[in-house]
Every structure is written in C-alpha cells, then in structure tokens.
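A.B. asks: Pasting the sequence and the predicted model now:
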Amino acid sequence: MNGSTAATPVEPCDFTVFGGTGDLALRKLLPALYLRDRDGQLPDGFRIVGVSRAEADDEGYRVMVEAALVEHVPSDELDATVVRRLLGRLHHVTLDVEDVADWHRLHERLKDGAASDDVIRVFYLAVAPALFGPICDHLDQFGLATERSRVVLEKPVGTDLATARAVNEAVGRVFDESHIFRIDHYLGKESVQNLLVTRFANTFLEPLWNSHWVDHVQITVSESLGVGERGSYYDRSGALRDMVQNHLLQLLCLVAMEPPTYVDRETVRDEKLKVLQALRPMTPDLVDRDTVAGQYAAGLCDGAAAPSYADEVGHTSDTETFVAIKTEVQNWRWAGVPFYLRTGKRMSERLSEIVVVFKEPPHPMFPHSEGTSEANRLHIRVQPDEGMRLHMTAKEPGPGGIRLRPVSLDLSYATAFGQRSPDAYERLLMDVVRGNTTLFMRRDEVEAAWTWVAPILERWSEPTHRPRRYPAGTHGPFAANTLLERDGRSWQETGIE
Ligand SMILES: NC(=O)C1=CN([C@@H]2O[C@H](COP(=O)(O)OP(=O)(O)OC[C@H]3O[C@@H](n4cnc5c(N)ncnc54)[C@H](OP(=O)(O)O)[C@@H]3O)[C@@H](O)[C@H]2O)C=CC1
Ligand SMILES: O=C1O[C@H](COP(=O)(O)O)[C@@H](O)[C@H](O)[C@H]1O
C-alpha cells in the first residue's frame, strides 16, 4: 500500500553508518532513510556517510545503494527524483575501524562540508559488537564524540551478561547514556507502539489487565524463513539470544508493565525494567521443566521443500532455532498468571502475535444452551496485517432457545487508517536524530534481560542438552504443545485471518 507518512523535518545531520556496505545497511537502513526523504523529513544538509573497508568512492557507493533501493523498496514507493536526491547525500569512507591510521579520512570527511560546526552527528554501528569499543575510542580520540553526537548500537549487545557489560562499559566510557541508542527494532513497529496506546489511552482494559481476569498470556514470534545468509552469525547465537533476550522480552514488558506516570523516555524504561526484574528466576529444574529448545529438520515451508538447519549452515549443530518458555511476572498484578513465549524459524507461517486469554465467566449462566462458548481473548497482531481481534461469545440470531457462538470484534490497521505502516527503522532512525531514547533499550534493561536468560544459556550449554527436531513448516517441536497442555491450555494458532 503506497502512502506517505509525512512528518516534521529533523535537523541537518551527518549520519554515519559503520558497516555501510553490509546487509543491514543496504536492506534496512538506507531504504528507511530513502522513505523518510521521500516524505520530506530529511532537510538539506542531511548527509549519509557509509564506512567500510571496501575500496569504493562516493560514486561506487551510490551505484551500490541505488541497486539496494531498487531491490528493497517496494516499487510503488520508488520515485526517481527522490532516489537521485538521496544518492546526492551519500558518501563512502574506506576505513578499517581497527586501524587508527585510517581514521583521519572519516574525520576529514565529516569536517569537510558539514552543514554547520555543531551539526548533529549520528554514528550507527552496524558491525560486529566486538568493534563497538574500538570505534567509540577512536571517535573520542578524533574529537567526534561531542554533546551533539549520538551512537546507535545494533543488536546483539553482547552474547551474555559479561560481554554485554563489557560492551556497555566500553561505549559508556565515551558516550553518556542519554546519547546511546540500543536498537530493538520491535519497539519501532507501529503495532508495538500501539500496544502502549491501547493500554494507556483507553480505560476499559486496565481494570481487566491483571491476575483477577487474565488466565494467561501468549507471545509468539514465528518466522517461515530459515537462517539464510546469516548462518555463521546465527550458529553462534541461536534463538534465545537472537530473539528472546531482546524482542520477546521487550514485548512481554510492554504487556506487563505498570502505567508510567506519563509516557516519556525514562518512565517507560523504568517500568519495563521492573518487569524484567520481576520475572521468575530460572533454576536448572525450571529450565528443564519450563523451556523447550528445537531445531528445524527438512520439511515443507511456504509450499516448497525446505532444507534442514544443518544443511543450511553446512554442518551438524546443537544451536536452537526454536524456543518456547513458560514464565511468570512475580508482582501484585500478575502473580500466578503464566506468560508463554514462543519463537522459531522455518515455522508454518510468519506471524507475530500477543494473545491475552481472559478467564471463563465465574458462573455458567447458560448451562442448557446449545453451541459453544470460548474464553475471551484479545489478539494483538504485530505482523503481518497489524490489528487487533477481541474474541467474544454471542447469541446466534434465531427464534428458538439460546445458541451460543464465538464471534469477534476486529480492527485492521490497513482498513482503519488507509495507509501503510512505516517500517520500524524509519521511526527509530528519526528518533535517533531527534535524540529521543524512549523506544531504545537502556543499559540496565539489556543487562537485566541477560541476567534472566543466563541460567537457560548455562543449562542448555551442557553436553546432554540437545534441541528437539521439528520438521520445517510446522509449529515447532511437540514438547512446546505439552508445555501448555499440562496446564490445560493450548497455543492459539489462529488470530486474525
Ligand atoms: N543483517 C541483519 O538483518 C541484522 C544485523 N544485525 C547486526 O548488525 C551487524 C551487521 O550485520 P550485517 O549487515 O548483516 O553484516 P554484514 O557482514 O553484511 O556487514 C558487515 C559490514 O561491516 C563492515 N566491516 C566489517 N569489519 C569492518 C572493519 N574492521 N572496518 C570497517 N568496516 C567493517 C563490512 O564491510 P567490509 O567487509 O568491506 O569492511 C560490512 O559493510 C551485526 O552485528 C549483526 O548481528 C542486527 C539485526 C539484523
Ligand atoms: O533481530 C532479528 O529479527 C529478525 C526478525 O525481524 P522481523 O522484523 O522480520 O520480525 C530475525 O529474522 C533475525 O534473526 C533477528 O536477528
């Protein structure tokens, strides 16, 4: 759906992308900047500087980026005039970030032709996390880490608590926390932001949003794609680090957090932190009982034969591509309410959804009626086809007795608002330029999330632990169903058709 999402222009900025020739930059960041330019949000004096070791000059880089825009921006959003304008903003600096002798090139490029002496500078680190510390040190050494600079850290911030702390320390030695933007792109998704609005700009949900009325919560992020080209990264990571430690826990926080006094950068992050700190700590016994790890075997996905994970990465491996976890938020509001999390690659469909399942009515009012009734459920569809669906029970029309039938109230964003939802990176990149950290993870949040997953990582690292195989194109290993069935529940596989 073509639709402009005009917004106030940001200030002129020098937007430097370390890793400017990489997959993330070409597939996500530059298309997002193009769309913001198309909608008039990038002013004159907004420059984009790609940094990599490739021997490309500005012209060579522009050719590379133009091809990426053609490939990754929907064709009905491409406008030749805007493409030319965006390409005119681009520069490339050849630089090995680990070699201090190269750094004068970036320094000179940024000094030369900047919109003003105190232009905003964004340094987006789309490179391996091991390079975050050295890059920040060099930015400092060359006087580029100023009051008007911001640094963006792509995930993963570390691979465990110790490495996350080391990265945070290294970056924090140079940049104040208020200038550090740790990206979790799920927080930039429209439907995720709408979760906050739905909860806190309406009154009817709040009285029900607690253990008195909620039976349990399910959070599913399933993907139909496999690991593709990212096998070498993924094989060292696995689904727990890649998805649960960040995206799924952030979604859980937004569902479970207390209303902040007002929505502002620190208040929201304070409340999310309290949720992370209230998660029931995992022990080895709980890990064995309440977690499931899986890995896809060959199967049928999206109607085509799909290889096994081992075939995709080229060797046998115990890396998990699927995780299911039962947990609990141990506080007054949520005590006793299970939160079931599930994510996996090569599953039956691409679907991210939060389902809040309410309790059954306390007393059966229609014991002799025909038909069926189900517990109320609120499905919050994050992607695709963002929207919400509230499942209720109604009387089927007819002159006879009472016949119950499940029905639903639907909100489709596409229908209600008639415009495309911007990609998460479009929103987040503009927030970085504006200096708004609300939708970014604070250091203590990241470390609290690593603290919670640490016992799972440890238990799963034992040699006896093996992920269970599941055929590609399915809902994951059978044990993930058992996790709920033993509690008398089941995964909600369909929400908004
Ligand atoms: N791709 C994705 O969808 C996502 C990626 N990420 C994270 O973002 C980071 C980048 O990922 P991705 O783009 O996929 O990786 P790629 O391997 O595709 O790109 C890496 C980029 O970094 C550059 N680079 C590597 N080493 C140096 C160096 N010493 N000096 C200067 N430039 C260097 C590479 O260029 P050259 O080799 O020419 O120097 C290239 O431009 C990773 O940490 C990844 O985990 C996070 C979320 C999603
Ligand atoms: O961060 C990541 O997210 C993607 C899924 O993002 P989505 O916006 O397409 O849902 C996942 O494929 C990738 O492995 C992970 O690193």
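C.D. replies: Now that the structure is in, tell me what you want to look at. Ligands and ions are numbered 1, 2, ... in the order given.
A.B. asks: For stretch 91-111, buried residues please.
C.D. replies: Judged by neighbour count using 16 or more other CB atoms under 10 Å, the buried positions of stretch 91-111 are His91, His92, Val93, Thr94, Leu95, Val97, Asp102, Trp103, Leu106, His107, Arg109, Leu110. Every residue, glycine included, has its C-beta placed from N, CA and C.
A.B. asks: who's the third one bridged to?
C.D. replies: In other words, Val93. In this structure, Val93 bridges to Val51 when assessed by DSSP bridges.
A.B. asks: how far away is it from ligand 1?
C.D. replies: Distance, Val93 to ligand 1, using CB to the nearest ligand atom, to the nearest Å: 9 Å.
A.B. asks: Report pLDDT for that residue.
C.D. replies: Val93 carries a pLDDT score of 97 in this model.
A.B. asks: what's near enough to touch it?
C.D. replies: Contacts were defined as CB atoms under 8 Å, 6 or more residues apart in numbering; by that measure Val93 touches Val49, Gly50, Val51, Arg105, Leu106, Arg109.
A.B. asks: about what we covered before: now secondary structure and distance to Tyr262 too, for the buried residues of stretch 91-111, in CSV please.
C.D. replies: As requested, the buried residues of stretch 91-111 are exported to CSV (DSSP: H, G, I helix; E, B strand; the rest coil; distance: CB to CB, whole Å):
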residue, secondary structure, distance to Tyr262
His91, strand, 40
His92, strand, 43
Val93, strand, 41
Thr94, strand, 46
Leu95, coil, 43
Val97, coil, 40
Asp102, helix, 46
Trp103, helix, 42
Leu106, helix, 39
His107, helix, 41
Arg109, helix, 41
Leu110, helix, 37
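A.B. asks: Take these and lay them out in a markdown table including distance to Gly387.
C.D. replies: Formatted as a markdown table, the entries for the buried residues of stretch 91-111 read as follows, by distance: CB to CB, whole Å:
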| residue | distance to Gly387 |
| --- | --- |
| His91 | 41 |
| His92 | 41 |
| Val93 | 43 |
| Thr94 | 46 |
| Leu95 | 45 |
| Val97 | 42 |
| Asp102 | 49 |
| Trp103 | 48 |
| Leu106 | 44 |
| His107 | 48 |
| Arg109 | 45 |
| Leu110 | 43 |
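A.B. asks: still on that earlier bit, closest one to ligand 1 out of the contacts of Val93, please.
C.D. replies: Closest approach between the contacts of Val93 and ligand 1, by CB to the nearest ligand atom: Val51, at 5.9 Å.
A.B. asks: Determine which two of the buried residues of stretch 91-111 are furthest apart.
C.D. replies: In those, two members sit farther apart than any others by CB to CB. They are His91 and Val97, at 16.4 Å.
A.B. asks: End to end on stretch 401-417, go ahead and measure it.
C.D. replies: 40 Å (CA to CA, to the nearest Å).
A.B. asks: try stretch 279-287
C.D. replies: One end of stretch 279-287 sits 14 Å from the other (CA to CA).
A.B. asks: List the neighbours of that stretch that are in contact with it.
C.D. replies: Residues contacting stretch 279-287 (CB under 8 Å, 6+ apart): Asp290, Thr291, Thr327, Glu328, Val329, Gln330, Trp452, Val453, Pro455, Ile456, Arg459, Trp460.
A.B. asks: Tell me how many other residues crowd the fifth one.
C.D. replies: In other words, Val329. Here the number of neighbours of Val329 (other CB atoms under 10 Å) works out to 26.
A.B. asks: cool, the second one as well?
C.D. replies: Thr291 is surrounded by 24 other residues when neighbours are defined as other CB under 10 Å.
A.B. asks: list the buried ones in stretch 335-352?
C.D. replies: In terms of neighbour count (16+ other CB under 10 Å), stretch 335-352 has its buried residues at 337-348, 351-352.
A.B. asks: could you pick out which of these are near ligand 2?
C.D. replies: Restricting those to those near ligand 2 by CB under 6 Å from any ligand atom leaves nothing, as none qualifies.
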